[in-house]
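[1] Predicted structure and sequence below. I'll ask about it afterward.
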Amino acid sequence: GLRMALRYLVFTELFLPTKGGTAVWFAEVYRRLGGKEIHIVTADVPGAVAVDVTHPNTVHRVKLRRHWWLKPESIAMYVKLFVTGLRLALRHDFDVVHAGRALPEGLVGWAVARLVRLPLVIYAHGEELTTWGRGGKYKVMRFALRHADRVIANSEFTRDELVKMDVRPECITLIYPGVDVERFRPGLPCDDLKAGIGLQPGEKLILSVGRLSRRKGFDMVVRSLPELLRQGINVRYALIGIGEDRDYLISLARELGVANQVHLLGHVSPEDLPRWYNACDVFAMPNREINGDTEGFGMVFIEAAACSRPVLAGNAGGTGAAVVNGETGLRVNGECLAAIVDAFVRLLGGVGYSMGKNGYHRALESFAWEQVADKTRGLRVPAVR
């Protein structure tokens, strides 16, 4: 007969109200895949109650703490996740187990899935594959990924890394993350934001959003400003985010004589973020790889595109999934200042508007959360013998 929606048991340490792309991804996708028959096992964090009361799925909170006196520190976490998950799996008739990452959730998911004979799906995000070295933690992560029935990769870059780890290509499905196209959209009022940083009519605004860390390439945007000004392009740079490079970026701007053009905005409210994208002429994150640490995808590029803004990206990591070079923006070598300056000149000139439009249509067609949910719903997972 007609099968109702699949019943998922979902393990994810990251879930709302925790910040970050992964937490948002899970909250947005599973609410679209069903109601209370979907059970989400996640971390107990401040503010959780308010989220869980209104969330359409059933959310179970577990105190997940790493204890320094245990070896490994996270063992208690694994045990709690496992006990909670197994109890639910025995009580409910689930169809499939989903795990937010390989560790800790994937390993726990694997143990539970095998005990109750259910298929296991693990998400891979990119950064964890390249930054965890090659030690014990890496080996356990690789074990979990290789024993999943399906692995969801968020970009081609992540998929290639998985294949290098001997995950079978036929077990990997590519699903890009999504964006809230109701929230991020063109035409939002932003004159007050422009006035707040003293942006004059005719001045152009470059915007960056992200953690102030070196691999994001924000330092290269600052370095490009003197040359853009020299070419007669009246430009300012607004930067949203906090991080370890804040003081470095301030002193760099001073040193180059562009301190008045650079605005470090720190955190902005969730309401103001989409308005800042609307305020800018170009969104920029000319990312580069540093010591194996790289950008797995770059959700911010899609947020900018959803607001109909052209983007400048580095060509390291998985940004090619988020930015179609020459169509929705430009991808350049994030280590080459001349290439970055040249891209800004083009994007602040004539091509920016049409690239922004292209990005907007692509965001609606491929990156709305509905599309992500549809792809997740359509996952073919082999039945477990």
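    Nice, thanks for sending it over. Note that the coordinates shown come from a computational prediction; the quantities given were computed from them, not determined experimentally.
[2] Point out where this protein drops to low pLDDT.
    1-4, 66-73, 382-385 (pLDDT under 70).
[3] Does residue 185 lie in a helix or a strand, and which?
    Using DSSP states H and E, residue 185 falls within no helix or strand.
[4] Distance check, it against residue 241.
    22 Å (Cβ to Cβ, to the nearest Å). C-beta: built from backbone N, CA, C; applies to glycine.
[5] Check residue 338 too.
    Using Cβ to Cβ, we find residue 338 at a distance of 26 Å from residue 241.
[6] More neighbours: which of those two?
    Applying other Cβ atoms under 10 Å to residue 338 and residue 241 shows that residue 241 carries more neighbours, namely 20 against 11.
[7] show me the contacts for residue 347.
    281, 282, 310, 312, 329, 330, 355 (Cβ atoms under 8 Å, 6 or more residues apart in numbering).
[8] meant to ask about residue 194
    Taking Cβ under 8 Å, 6+ apart, one finds 205, 279 in contact with residue 194.
[9] my guess is it is in a strand, correct?
    No: Residue 194 is assigned helix when assessed by DSSP: H, G, I helix; E, B strand; the rest coil, not a strand.
[10] So which residues of the stretch 101-250 of the chain form strands?
    Applying DSSP state E, counting those that start in this stretch to the stretch 101-250 of the chain gives strands spanning 120-124, 150-153, 172-174, 204-209, 235-240.
[11] try the stretch 251-385 of the chain
    Using DSSP E, counting those that start in this stretch, strands in the stretch 251-385 of the chain cover 262-266, 282-285, 311-314, 329-332.
[12] in its sheet, what does the second one sit against?
    When sheet partners are counted by DSSP bridges, strand 282-285 sits next to strand 204-209 (parallel), strand 311-314 (parallel).
[13] Can you dump the C-alpha atoms of it in PDB for me?
    What follows is strand 282-285, C-alpha atoms only, in PDB (Å, rounded to 0.1, in the frame of the first residue of the first chain):
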ATOM      1  CA  VAL A 282      29.700  42.900  -4.300                       C
ATOM      2  CA  PHE A 283      30.100  40.100  -1.800                       C
ATOM      3  CA  ALA A 284      33.700  38.900  -1.300                       C
ATOM      4  CA  MET A 285      35.400  35.900   0.300                       C
END
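[14] Run the chain-centre distance for it.
    Centroid separation for strand 282-285 versus its chain: 16 Å, with Cα atoms, centre = their mean, to the nearest Å.
[15] repeat for the longest one
    If you compare the mean C-alpha spot of strand 262-266 with that of the full chain, they lie 22 Å apart, counting by Cα atoms, centre = their mean.
[16] packing partners for the longest helix anywhere in the chain?
    The longest helix of the chain (DSSP state H) is helix 75-91. Counting contacts by 3 or more Cβ pairs under 8 Å, 6 or more residues apart in numbering; DSSP states H and E, helix 75-91 is packed against strand 8-11, strand 39-43, strand 58-62, helix 107-115.
[17] Of all the ones you listed, which one is nearest residue 19?
    Residue 19 sits nearest to strand 39-43 of all the helices and strands packed on helix 75-91, at 12.8 Å, using Cβ to Cβ.
[18] which other residues reach that closest one?
    Residues contacting strand 39-43 (Cβ under 8 Å, 6+ apart): 8-15, 18, 26, 30, 57-64, 81, 84-85, 88, 92, 94.
[19] Compute the inter-axis angle for it and strand 58-62.
    Inter-element angle recorded for strand 39-43 and strand 58-62: 30 degrees (by axes from the mean of the first three to the mean of the last three Cα atoms, to 10 degrees).
[20] Tell me which of the strands of the stretch 101-250 of the chain sits most buried.
    strand 120-124 (a mean of 26; mean count of other Cβ atoms under 10 Å).
[21] Please export the C-alpha coordinates of that one as CSV.
    Extracted C-alpha coordinates of strand 120-124, given in CSV (Å, rounded to 0.1, in the frame of the first residue of the first chain):
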residue,chain,number,x,y,z
LEU,A,120,22.7,4.4,8.2
VAL,A,121,23.3,7.8,6.5
ILE,A,122,26.2,10.1,7.6
TYR,A,123,26.7,13.7,6.5
ALA,A,124,30.2,14.9,5.6
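[22] if we can go back for a sec, can you redo the strands of the stretch 251-385 of the chain as CSV with distance to residue 360?
    CSV is the format used below for the strands of the stretch 251-385 of the chain (distance: least, Cβ to Cβ, whole Å):
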stretch, distance to residue 360
strand 262-266, 24
strand 282-285, 12
strand 311-314, 11
strand 329-332, 12
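[23] for those strands, which one sits closest to residue 138?
    strand 311-314 (25.5 Å).
[24] center of this structure - which residue?
    Nearest to the mean C-alpha position of the chain, counting by Cα atoms, centre = their mean, stands residue 21 at 4.1 Å.
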